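Chemist: sequence first, predicted model second:
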Amino acid sequence: MNKTLQLFALALAFFVVACQTNKSEETAEDSSVTSNNQETETAENTETTSEITATVLNANLATLEELSSLEGMTSASTQALIDQRPFLTMNDLDALLASSLNKAQREALYQMVFVPFNLNTTAEDDFKMIPGVGDRMAHEFEEYRPYQNIAQFRREIGKYVDEEEVARYEQYVFVPVELNSASENDILALPGVGARMAHEFEEYRPYQNMEQFRREIGKYVDDKELARLERFVYLKN
């Protein structure tokens, strides 16, 4: 082989190697981009999932079918819960379930069903029955009393946790309202109080005493529901 052919062969070899190297680098870059896209997509999906706040059933309002579907609830405990409603405090429900469920089982169940706590009267330690609430957050719940409305709770507790967590906490608590001065929005924030009942609350103002409230609202609901609603309201002296 003459010198010219040798040089040509050597140049061709370098060209082939260079092409293979570039192709390998492009493949690696494509794999990296694909991997990064997958990681980003996974992160976005995780974030979307975390933004979904599970609905907590109100033990005083949930249907038999809803309660029966909860993991840990036996037919006997479900029927006992239905029979003994309304529970005026979460402590009452906890005492009932303690006869058939251990503490760990009850804690798991309270992620799905609960009796909302009165933010202004509940003992600090009792707040720790709310899933995910420990010593520090229970103290913060108590720290800002008295709460005038649920908006104040959102504002104050929002200093410590994000909006999603505040919304989750909100399913476990309520702020009682003053019958003669509460806004419609504050009344609607009460557990299980809809537009129709909020209208009736306002319709009979001014209330002179709680007996008047019982008499007027008792026209629309039975004694058990009246007892449940009564714990959400008060009158200034």
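Modeler: Okay, I see it. Residues are numbered from 1 along each chain as shown.
Chemist: where do the strands sit along this protein?
Modeler: For the chain, strands defined by DSSP state E occupy the ranges 57-58, 113-114, 117-118, 173-174, 177-178, 233-234.
Chemist: quick one: closest of those strands to L81.
Modeler: Among the strands of the chain, the nearest to L81 by Cβ to Cβ is strand 113-114 (8.6 Å). Using the backbone N, CA and C atoms, a C-beta is placed for each residue, glycine as well.
Chemist: who does that closest one pair up with?
Modeler: The pairing partners recorded for strand 113-114 under DSSP bridges are strand 57-58 (parallel).
Chemist: for M210, grab the count of nearby residues.
Modeler: 13 (other Cβ atoms under 10 Å).
Chemist: quick check: closest non-adjacent residue to it.
Modeler: Nearest in space to M210, with sequence neighbours left out and distances taken as Cβ to Cβ, 6 or more residues apart in numbering, is L235 at 6.3 Å.
Chemist: looks like the one you found contacts E211 (just checking).
Modeler: No: in this structure, L235 is not within contact of E211 by Cβ atoms under 8 Å, at 10.5 Å.
Chemist: and the residue nearest the centre of this protein?
Modeler: The geometric centre of the chain, computed from its C-alpha atoms, lies nearest to R168 (Cα atoms, centre = their mean), at 2.2 Å.
Chemist: in stretch 58-65, what counts as buried?
Modeler: Residues 58-60, 62 are the ones in stretch 58-65 that count as buried (16 or more other Cβ atoms under 10 Å).
Chemist: tell me which of those is nearest to I157?
Modeler: Set against I157, the nearest of the buried residues of stretch 58-65 by Cβ to Cβ is N58 (20.1 Å).
Chemist: ok, the closest one to Y172 distance?
Modeler: Distance, N58 to Y172, by Cβ to Cβ, to the nearest Å: 10 Å.
Chemist: pull up the overlap in contacts between these two.
Modeler: When contacts are counted by Cβ atoms under 8 Å, 6 or more residues apart in numbering, the set common to N58 and Y172 consists of 114, 116.
Chemist: ranges for the helices of this protein?
Modeler: Taking DSSP state H as the test, the helices found in the chain are 3-50, 64-68, 75-84, 90-97, 103-109, 135-143, 150-157, 163-170, 184-188, 195-203, 210-217, 223-230.
Chemist: distance to G72 and mean pLDDT for the strands of the chain - can I get that in JSON lines?
Modeler: Formatted as JSON lines, the strands of the chain follow (distance: least, Cβ to Cβ, whole Å; pLDDT from 0 to 100):
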{"stretch": "strand 57-58", "distance to G72": "13", "mean pLDDT": "98"}
{"stretch": "strand 113-114", "distance to G72": "10", "mean pLDDT": "98"}
{"stretch": "strand 117-118", "distance to G72": "21", "mean pLDDT": "98"}
{"stretch": "strand 173-174", "distance to G72": "23", "mean pLDDT": "98"}
{"stretch": "strand 177-178", "distance to G72": "33", "mean pLDDT": "98"}
{"stretch": "strand 233-234", "distance to G72": "33", "mean pLDDT": "98"}
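Chemist: how about those strands, which one is nearest T74?
Modeler: Using Cβ to Cβ, those put strand 113-114 closest to T74, at 13.7 Å.
Chemist: could you chop this structure up by domain?
Modeler: Per automatic domain parsing, the domain ranges recorded for the chain read 52-115, 118-175, 178-234.
Chemist: ok, and for stretch 166-183, which residues are buried?
Modeler: Applying 16+ other Cβ under 10 Å to stretch 166-183 flags 166, 168-177, 179, 182 as buried.
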